[in-house]
Structure formats: structure tokens, C-alpha cells
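J.: need the 3D shape of this:
(2 chains)
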Protein chains: 2
Amino acid sequence: MGYWAEKTEAFLRVSAILLLVLTACLVAMDTQTKLIMYTYAKKATFRDLKALPVLVYIDGVVAGYNLLQLSRCSVSACYKGEMQSPLLKNLSWVHFLLDQVAVYVVFATTAAATQASLLAVTGSKAMQWMKLCGRYTRFCVQIGGALLCGYVACIVLVLTSFLSAYNLFRLYSPTKFMQLKSKQ
Amino acid sequence: MGYWAEKTEAFLRVSAILLLVLTACLVAMDTQTKLIMYTYAKKATFRDLKALPVLVYIDGVVAGYNLLQLSRCSVSACYKGEMQSPLLKNLSWVHFLLDQVAVYVVFATTAAATQASLLAVTGSKAMQWMKLCGRYTRFCVQIGGALLCGYVACIVLVLTSFLSAYNLFRLYSPTKFMQLKSKQ
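T.: Residues are numbered from 1 along each chain as shown, chains lettered A, B, ... in the order given. The predicted structure follows:
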């Protein structure tokens, strides 16, 4: 069975790891120094907005989690056929729930970082917050690229979570509610 | 079949609608007027932060979508048993994808609104953005309550999306990749 499922899952997880690491690196290595009034240099880093360090840590943790899942993929592929039905069900539930947590956490952090960065681009007249991207253009473009990369990572993670939902729920009977079915 | 599944889905969708509408109302009706230096009155509304009107619209649209799904539930329950397998599969895919879009959009908007509100609570020293919740305490507490309610709505929507994933993927064979199975 699941030869194509295993291959697709491994491919998706490798892409997710690469994209998450790329996002984290793009954000974390982004700095720009500007002279203000020819006197002192001010440096913009990703620590200026609290949402960006959080994005870096979360992306790192989820990349690590996917690496673990990837090693599990390569090990479990050999003896999945012999696995007992209830054990397979419980394991599938754990993978399903972990994948769901991973995708929602990454998605929320990326959305929050986008909101914070948008405020830095547009400012807010009502709140008397000023724009900051006029001064640090290169810095802001790099953050924008990182966020775009983060959204692609989210899409890949969503597809991974679809696959783990598929692997879980296809174990259930199509006619009886929440009952496992015999293999066919 | 699916008697309990139908009941659970209807219950989840009704809760989601109530929570989404409550969130939208709490945000949209939140205003506070303050006298500044005893001279002119300044009014804080949810339009001061762009993320909040977006949250109101999105929550309204998703509540409407769930209302449509709810009416579909009550109609389709009667003749689902007679439905042909491929048609049932296609319909299940549509519901699954729409539910996924709904939950991710609401979740992202709530996360973005939370980030914007957190910036209003904490300010940002590096960006020279000032705190604004010291002045408008009641306004900020109400937004906080609305966001909490929004997260509960997200959890209910996530459970709904689990149910629609279950309804879709249990149509597939547990052993052959992406093949439908005969009813059992």
C-alpha cells in the first residue's frame, strides 16, 4: 500500500523544512544600519518587532518537528503492513493532531508577523504611529520576501496536514460513525 | 448512518455562528470617548486599527457561510443514503475545502488583530510607537474579550473542519492509495 502516500509525505516534509529554515534565516539575518542626521548610526534588526523573533523560533521548532517526522517516515515504512489496527489508529491520531498544531501555530505566527510588518509599512494615523520603512527600505523588502516564503511554507504544511488527515480518517468505516473498518 | 455525525456538525456550526457574531458585535460596538487636556474629546473606535474592521467583516462572512452549510445539513440529511458514491465524494471535497479556507482565514485574521492590539497595549520602544491602552482601558478590555471569543470560535471551526475531513476521507480505501471503497 501507501507507496505513493509515503513518497508524497516525505517530499512535502522536506519542502516544508527547507522553506521554514529559509524563512527563519531571511528574518534573523536581516539588518540595516542608517546614519541619522549624520551623527549616530541606528541599526534596524528583526528584534525591533517582537513578532519577528517569535516567528524565527516557531519556524525553527516546526522545522525540527518535521525532521523528526521525516525520520519516522523512513523507519515506519518497512513494518507498517504488520501493524495492528488499534495501534495504527492511535499513532495516526497523534500524527494528525501534531500536524494540525504545527500548521496552525506557524500560520498564526506568520499572520501576526505580517500584521506587525504592515503597521511598520503604513504606520497608523489614528494611533500616531509613524512609518518606518521609508528609512529602512532594503530591510523591509527582505522581511517581505521572508514572509512570502513563510506563506509558501504554510501551504506546504497545510497539504501535509491534509495527508495525515487522509491517513487517519480512511481507517474509519464510511457508513458507521466512528467505527474502524476491516482492511479491504 | 451519520445520525450522530449530522447532529454534532449542526451543533458545532450553530456554536460557531453564535461565537463569530458575538465577536463581530463586541468589536464593532466598542467605542470610548476621552477628554484630552480638558479641551477636545477624542474617540477610540475599532476603525483606528485596520485589522479590527477586517476581523468584523471576515467573521460576518464566515458566520453567513456556516448558516448556509447548516441549512444544507438539514436538507441533505434525508437523501444522503441514496446519493451516488462519486457525487458524494465531490460534494465532500467541496465542503472539506471550504471549511478549511474558512478556518484558516478566521484564524489568520484573529491572530493579526491580536498582534495589532498587543502593539497597542505594549507599544514599541524601538519603533517609537506609544502605548494607547493606558488611556482607553475599557475599550481595550472589550477588544480583549472579543479576541478571546474569536479564539473560541476558531477552536469550534477547527473541530468542524476535522468533522468534514472525517466525512471526506473515510470514503477512501484504507489500503489502496486514493481509491474509493465500496460501502460496508
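
J.: going forward, measure contacts and count neighbours with C-alpha atoms only.
T.: Noted.

J.: and the contacts of stretch A:100-118?
T.: Residues from elsewhere that reach stretch A:100-118 (C-alpha atoms under 8 Å, 6 or more residues apart in numbering or on different chains): A:49, A:51-52, A:54-55, A:58-59, A:62, A:143, A:147, A:150-151, A:154, A:157-158, A:161, B:51, B:107-109, B:111-116.

J.: in it, which residues are buried?
T.: Neighbour-count burial for stretch A:100-118, counted by 16 or more other C-alpha atoms under 10 Å in any protein chain shown, picks out A:100, A:102-118.

J.: show me where chain A has strands.
T.: Assigned by DSSP state E, chain A shows strands spanning A:31-36, A:40-45.

J.: which one of the ones you listed lies closest to A:Leu168?
T.: Proximity to A:Leu168 (C-alpha to C-alpha) singles out strand A:40-45 among the strands of chain A, at 42.7 Å.

J.: residues touching A:Leu157, list them.
T.: Here A:Leu157 is in contact with A:12-13, A:16, A:99, A:102-103 (C-alpha under 8 Å, 6+ apart).

J.: confidence score at A:Cys78?
T.: A:Cys78 is assigned 47 on the pLDDT scale.

J.: ugh, wrong one, I meant A:Leu68
T.: pLDDT, A:Leu68: 92.

J.: before we move on, what about A:Val62?
T.: pLDDT, read off for A:Val62, is 96.

J.: list the contacts of it.
T.: A:17, A:20, A:102, A:106.

J.: and if you look at A:Ala41?
T.: With C-alpha under 8 Å, 6+ apart, A:Ala41 has these contacts: A:33-35.

J.: mind putting those in CSV, neighbour count, distance to chain B and pLDDT included?
T.: Converted to CSV, these look like this (neighbours: other C-alpha atoms under 10 Å in any protein chain shown; distance: C-alpha to the nearest C-alpha, whole Å; pLDDT from 0 to 100):
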residue, neighbour count, distance to chain B, pLDDT
A:Thr33, 13, 14, 81
A:Lys34, 13, 14, 77
A:Leu35, 11, 16, 74
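
J.: could you point out which of the residues you listed is nearest to A:Gln69?
T.: A:Thr33 (39.9 Å).

J.: residue contacts, the closest residue to the closest one other than its chain neighbours?
T.: Leaving out its chain neighbours, the residue that sits closest to A:Thr33 by C-alpha to C-alpha, 6 or more residues apart in numbering or on different chains is A:Lys43, at 4.2 Å. Going by C-alpha under 8 Å, 6+ apart, A:Lys43 touches A:31-34.
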